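>>> Please find the sequence and the predicted model below.
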Amino acid sequence: MTSAARSILRPAVPADLPGISALLSAAFHTAPDAPFLNPALMEWKYWAPRGDWTEPRAYVLEKNGRFVAFAGLCPMVFGAGRDAIRGVHMIDWAAAEDTPGAGLTLVKKLAELFDFILAIGGSEATLKVLPAFGFEGIGSAWTAARPLRPLLQILTHQRRNWKLAPRLARNTLMAMSGDGSVHGFRARPLDPAGIDAGWLASSPGASHFAPRPPAFFEYLLRCPGATFSLHTIESGSGAQEGFFVLSVVRHQARIVGIWLQNPAAEAFHAAYSLARRTAAKSPGAAELVASGSGEMSRGAAAKAGFRILGEKPVLLLNRTKRFQFSPEFQFQLSEDDHGWLDIGSADYWT
């Protein structure tokens, strides 16, 4: 193989944006002006400064001077300093259709840079390919939803068929159902600066949630493609028991993630209930969705009035074998791009 034909992986830079957009548009069969290709959003996803991760967040694979594969990264770090365990979840992963194997070549090269690569759900083709490359199933993530404004949801629903009327009736009943008592807990807006960076690491919740410092939430709040908000969960005495993040995209509110100091069933239930009540105050939110892992959080979401819709597999490429997710770990929307993902139309789950 000549040097001219060798594939080269390198960090993407802002000047690559037109080429990346063209590759993604062709690979995903979308229009060049698809929402996820919005230049401001792409700038934010791949290059906007974020204090919790200063390394590249996007890579291109070049061959003969042409982009043949691309992947954006959602990073996750456990620990600090020289002992930190660094992993990523790939987003906008795509390859040129006329270059077979380019996508897997990119994954292979990325795997050399990180301790692990995480994959949550994905297309049928992706789920077939990844195990052959070394990804192993380590669990699943449940998905759930609850209508907030059934009429608004029906008026803007992506599926226009005879099922609209029965869907309106069903979703109205769901929206009217209670979410249980949350006595002793309340939610209020929270500034990222109000989060103690070491608070979660020293609590029982350390093994349940991805460690996210204040800089992560500051970054989310600057997203140009979705409206994010951060809220604290307080006990009756005013002590911070946890916090949650909501986003809103095209009338769908999303529980991007929750973080609890003491992740017991009661605390999970309070978090989902408070998130539901907070989201309901947003006048444009017609539905609320969430994702998590394990029976404790799943049961708490159901108790809070969410309809459990199903599960999606979680796969892990654990190159260095330095880290194992605990059975209680919560794989939430915060681990990938679902907090801001916009497909260009409504994408209701109910």
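Noted; the coordinates are in hand.
>>> Give the buried residues for stretch 250-268.
For stretch 250-268, the neighbour count (16 or more other C-beta atoms under 10 Å) marks 250-261, 263, 266-268 as buried. Glycine gets a C-beta too; all of them are placed from N, C-alpha and C.
>>> Centre of the chain to that stretch, how far?
13 Å (C-alpha atoms, centre = their mean, to the nearest Å).
>>> Could you tell me the end-to-end distance of it?
With C-alpha to C-alpha, to the nearest Å as the measure, stretch 250-268 spans 27 Å from end to end.
>>> After the helix or strand where Val77 lies, which helix or strand is next? Please name it.
Per DSSP states H and E, Val77 falls inside strand 66-78. Heading C-terminal from strand 66-78, the first helix or strand you meet, by DSSP H and E, is strand 85-95.
>>> Arg277 is in contact with Gly180, isn't it?
No - the criterion here is C-beta atoms under 8 Å, and Arg277 misses it with Gly180 at 11.2 Å.
>>> Give me the nearest residue to His269, chain neighbours excluded.
Distances taken as C-beta to C-beta, 6 or more residues apart in numbering put Ala300 closest to His269, at 4.1 Å, once the chain neighbours are dropped.
>>> right, and that neighbour touches Leu274 too?
No - judged on C-beta under 8 Å, Ala300 makes no contact with Leu274 at a distance of 11.6 Å.
>>> How far does the lengthiest helix in the chain sit from its chain's centre?
Criterion DSSP state H: the longest helix present in the chain is helix 265-280. Helix 265-280 has its C-alpha centroid displaced from the chain centroid by 19 Å (C-alpha atoms, centre = their mean).
>>> ditto for stretch 19-31
From the chain centre to the centre of stretch 19-31 is a distance of 21 Å (C-alpha atoms, centre = their mean).
>>> Now do that stretch: everything it contacts.
Stretch 19-31 has contacts (C-beta atoms under 8 Å, 6 or more residues apart in numbering) with 12, 32, 34, 36-37, 39, 42, 58, 60, 67-70, 92, 94-97, 344.
>>> So for that stretch, what gets flagged as buried?
Across stretch 19-31, burial judged by 16+ other C-beta under 10 Å covers 20-21, 23-25, 27.
>>> Could you do stretch 167-174 as well?
167-168, 171-172, 174.
>>> Among those residues, which are located in helices?
Using DSSP H, the buried residues of stretch 167-174 in helices are 167-168, 171-172, 174.
>>> what does stretch 56-64 contact?
With C-beta under 8 Å, 6+ apart as the test, stretch 56-64 has contacts from 4-12, 16, 19-20, 45-47, 67-75, 95, 99, 102, 105-106, 109-110.
>>> right, and Met296 touches Glu266 too?
No - using C-beta under 8 Å, Met296 is not in contact with Glu266, being 10.2 Å away.
>>> where do the contact lists of those two overlap?
If you check Met296 and Glu266 against C-beta under 8 Å, 6+ apart, no residue is contacted by both.
>>> can you pull out the helices in the stretch 201-350 of the chain?
For the stretch 201-350 of the chain, applying DSSP state H, counting those that start in this stretch gives helices covering 214-221, 265-280, 294-303.
>>> any chance of these in JSON lines, with distance to Phe116 and mean pLDDT too?
Listed next are those as JSON lines, based on distance: least, C-beta to C-beta, whole Å; pLDDT from 0 to 100:
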{"stretch": "helix 214-221", "distance to Phe116": "18", "mean pLDDT": "97"}
{"stretch": "helix 265-280", "distance to Phe116": "26", "mean pLDDT": "95"}
{"stretch": "helix 294-303", "distance to Phe116": "20", "mean pLDDT": "96"}
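>>> Identify whichever of the ones you listed lies nearest to Gly79.
Evaluated over the helices of the stretch 201-350 of the chain, closeness to Gly79 peaks at helix 214-221, with 15.5 Å, by C-beta to C-beta.
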